[in-house]
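**Q** No sequence on hand, only this structure:
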């Protein structure tokens, strides 16, 4: 008799976790939206952008990124508790010439 991998305890637990995560409304989980601003290879550009965004009172953070073109730094704003708050922050960013995309945090 062979075991069915889709019935293993690990598989079933992972499936339950996915269902639970999917059933939590984004607004109740807190910090579910971010603004993707870009990926930059020059640290000076990252610092300048962080300062510019910080002056608006918007939280900004960075993440290292290895790309085919070399090391880069991702710049993101947030997290925001809901889509509306993220959209308002994006409007502020656009007024100072910074573009971005609102997305659900992963």
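**A** Received the coordinates, thanks. Here the structure is a predicted model, which is why all the values come from computation and not from measurement.
**Q** Residue 45 should be in a helix, yeah?
**A** Yes. Checked against DSSP: H, G, I helix; E, B strand; the rest coil, residue 45 lies within a helix.
**Q** Can you name the element that comes right after the lowest-mean-pLDDT helix or strand in the chain?
**A** The weakest-scoring helix or strand in the chain, judged by mean pLDDT, DSSP states H and E, is helix 26-29 (a mean of 41). Using DSSP states H and E, the next helix or strand after helix 26-29 towards the C-terminus is strand 33-40.
**Q** State the pLDDT value of residue 56.
**A** At residue 56, the pLDDT value in this model is 96.
**Q** Confirm for me that it is in contact with residue 96.
**A** Yes. Using CB atoms under 8 Å, residue 56 is in contact with residue 96, at 7.0 Å. Bear in mind the C-beta positions are built from the backbone N, C-alpha and C, glycine included.
**Q** residues contacting residue 89?
**A** Residue 89 sits next to 35, 56, 58, 77-78, 80 when contact means CB atoms under 8 Å, 6 or more residues apart in numbering.
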